[in-house]
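1. have a look at this fold, sequence not included:
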């Protein structure tokens, strides 16, 4: 009995992290049919934001350092949402109706973000700033000319080259003047550690069980996120618009819903949720440039199993995958069926964290044979879904 | 623009666009001629010009271009974006790697087994003593795995993004499996330190050249196979599935069989590529199944141009040479460059280099001709 509760608790706490990561992905996928491969990197940005906020609060001394986690949540949401917004406006909106190309483009973004956190330093930041100012500033100024459409191609190429060159030269000069102070990477390639605040260490003993505080915190954080998202989607005007566009984009556009704004908003919110998930991830282990990659495939599987359009689907799928992963990975199942030797042998073969994923994937493929469109598919008669 | 494509300009001279039009038969002959020419160039001229190191790289990249051909077949023509070709690539590589590891005197087993206290050869290693079995396994095992997975997924009409992320998950799954099984296939370290094939030293210069030539021949064979599959009715159905699958179904075709078959062919090609690649690098490890590598393969095709088979080959060779040049000199720029490449190709060059040459190149050519003609006229006057 204790064993069962223990596995349930552990499974649920794995599942809640997955769920938080998958929520944003699922609403974006439901709305735009787009899978964002950079979603894991948005989580990673959230985790790095937590790291930065923690360091700032540590300098301020004692009463503050234990409460960095709440500002970190807000900051992580903000940073991830901002990056998501830029991503949607700059890349994804041009790829409408081409989901496979979007997949590749967002993968490119995820590579860039990974390398960015590895090598970002003052020089790179300055170069990016100068480039952005010159390129987009020049674009904005010159777009007012009457013959803009005719000269657009050449002018943009010229601007691109010029602003890259100026940024590079500026960066070189800066690097020569201040040397190591500006060329040292902010984070570097190695992993960084976020230490949980003191009130999150330890845990609560329940009977023979020991429930770690960080896990409980993550579970309650997930509950808050789901509740917030539910209220937002069901009881606000913008939530109503998002649901309308999810159901029927063309009709929503006809009745005057600004679908472009809805897309941008949803993408920002989904990305922000990834940032919050990043805070949770940073509490569980150290943070590195590859943090996002570890979660991304499991998160995709949650979306596949959960189907689109309903929050409940994602919730059940995430918890189910989390529990199945833990039950198989820890070898608990083998203990539950002690009688049958072949079964126990097989289960023991899969009783490691990585092999459990193998078996869970096989189960997902079997599951898709019965419900190819996920747990709670939208009812409808369209062939194209 | 219309005017430019009309057969005759007002002054009665045929436009250059018409000069390029050939009958289908002549086109095929021209293509075969060009293919032969490139083959001869690769086999006789390149070895004389390139250094041994670069030639070896070229051989590897040509092996990779066979995977690219398969991806072009399933993605460019059929619209199934597989992010898991690395699995099939590695399966082919492992099949050959196992055969090469077993080139031992009787009764001995590969050395790494002793590290884990394994004394007896696991049962699935035994058939790989035979070269003919291995040669078949190299393409058949990946093809069978692909058709099993493909059937289970495609038959439920799971397609588009769902198909892509399921194949991506497959990559992780196989990676975990091969990475975790030290006692069966040496886990993370993979299979390495191969010495002989057919009792010949594979590191000798002659053998290396023979492998290089064999790779080129396999690329040519793969190209001809893909060319055969994509011309004619079969190819048209593939394109129809890409453009509108429900309509294909309403027309009385069942897309499932076509999709599974073409997925299996692509997997078989990936297996052959993996075997040739393993032979030239001398190592096969689970890294070949990592997620980034599989997605990288897609970008080769995207850069070259997915609407044409030759684009896949060109893309694979070009991107890999760029990679080896860039990561030799500036290792940290490579990821930025690769990420930028993904964005650039998707946003600006959706049909890749070959597509760009086809549209822009032809236009530029026409503009150049018109300009030359105008120049001739003014100089006369």
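-> Yep, that arrived. Everything numeric in this text was worked out from a predicted model, so none of it was measured. Numbering: from 1, shown residues only, chains lettered A, B, ... in the order given.

2. show me the strands in the chain, by range?
-> You didn't pick a chain, so chain A it is. A:203-206, A:209-212 (DSSP state E).

3. my question was about chain B
-> Using DSSP E, strands in chain B cover B:191-192, B:196-197, B:200-201, B:283-284.

4. and the pLDDT at the most centrally placed residue in chain B?
-> Nearest to the mean C-alpha position of chain B, by Cα atoms, centre = their mean, lies residue B:68 at 1.9 Å. Reading off the confidence values, residue B:68 has pLDDT 92.

5. ok, now residue A:337?
-> 66.

6. do the one 3 residues further on as well
-> Confidence at residue A:340, expressed as pLDDT, is 68.

7. look at the residue of the stretch 101-250 of chain B found nearest chain A and say how many residues are nearby.
-> Nearest residue of the stretch 101-250 of chain B to chain A: residue B:156, at 3.5 Å (Cβ to the nearest Cβ). Heads up, the C-betas are built off the backbone N, CA and C, glycines and all. Look at residue B:156: counted by other Cβ atoms under 10 Å in any protein chain shown, it has 17 neighbours.

8. please name the nearest non-neighbouring residue to it.
-> Spatial nearest neighbour of residue B:156, excluding adjacent residues (Cβ to Cβ, 6 or more residues apart in numbering or on different chains): residue A:372 at 3.5 Å.

9. and for the one you found, the neighbour number?
-> 16.

10. then residue A:315?
-> Neighbours of residue A:315 under the rule other Cβ under 10 Å: 21.

11. now the one 4 residues further on
-> Using other Cβ under 10 Å, the number of residues around residue A:319 comes to 19.

12. isn't it up against residue A:12?
-> Yes - Residue A:319 lies in contact with residue A:12 (Cβ atoms under 8 Å); the separation is 6.0 Å.

13. what parts of the stretch 1-150 of chain A come near chain B?
-> Proximity of the stretch 1-150 of chain A to chain B, by Cβ under 8 Å from any Cβ of the partner chain, involves residues A:29, A:33-35, A:91, A:94-95, A:99-105, A:107-112, A:114-116, A:118-119.

14. can you flag the buried ones in those?
-> When these are checked for burial by 16 or more other Cβ atoms under 10 Å in any protein chain shown, the buried set is A:29, A:33-35, A:91, A:95, A:99-105, A:107-112, A:114-116, A:118-119.

15. now intersect the residues of the stretch 1-150 of chain A next to chain B with the helices, please.
-> The helices, defined by DSSP state H, take in A:29, A:99-105, A:107-112, A:114-116, A:118-119 from those.

16. tell me which residue of chain B lies closest to chain A.
-> Closest point on chain B to chain A, by Cβ to the nearest Cβ, is residue B:342, at 2.6 Å.

17. so who does the nearest residue to that residue once chain neighbours are set aside touch?
-> Take residue B:342 and drop its neighbours on the chain: the residue closest to it by Cβ to Cβ, 6+ apart is residue A:108, 2.6 Å away. Applying Cβ atoms under 8 Å, 6 or more residues apart in numbering or on different chains, we find residue A:108 in contact with B:338-343, B:346.

18. just those residues now: which is nearest residue A:148?
-> residue B:343 (23.7 Å; Cβ to Cβ).

19. pretty sure that closest one sits against residue A:109.
-> Yes - Residue B:343 is in contact with residue A:109 according to Cβ under 8 Å; the separation is 7.0 Å.

20. shared neighbours, the two?
-> In contact with both residue B:343 and residue A:109: residue A:91, using Cβ under 8 Å, 6+ apart.

21. state the pLDDT value of residue B:190.
-> For residue B:190, the model assigns a pLDDT of 80.

22. apart from its chain neighbours, what residue comes closest to it?
-> residue B:285 (2.6 Å).

23. quick check: the spatially closest residue to residue A:142 that is not a sequence neighbour vs residue A:168, distance?
-> Leaving aside its sequence neighbours, residue A:142 sits nearest to residue A:155 (Cβ to Cβ, 6+ apart; 5.7 Å). According to Cβ to Cβ, to the nearest Å, residue A:155 stands 20 Å off from residue A:168.

24. for residue 312, list the residues it contacts.
-> With no chain named, the answer covers chain A. Contacts of residue A:312 by Cβ under 8 Å, 6+ apart are A:375-376.

25. was after chain B, sorry
-> B:65, B:68-69, B:71-72, B:76, B:300-301, B:304-306.
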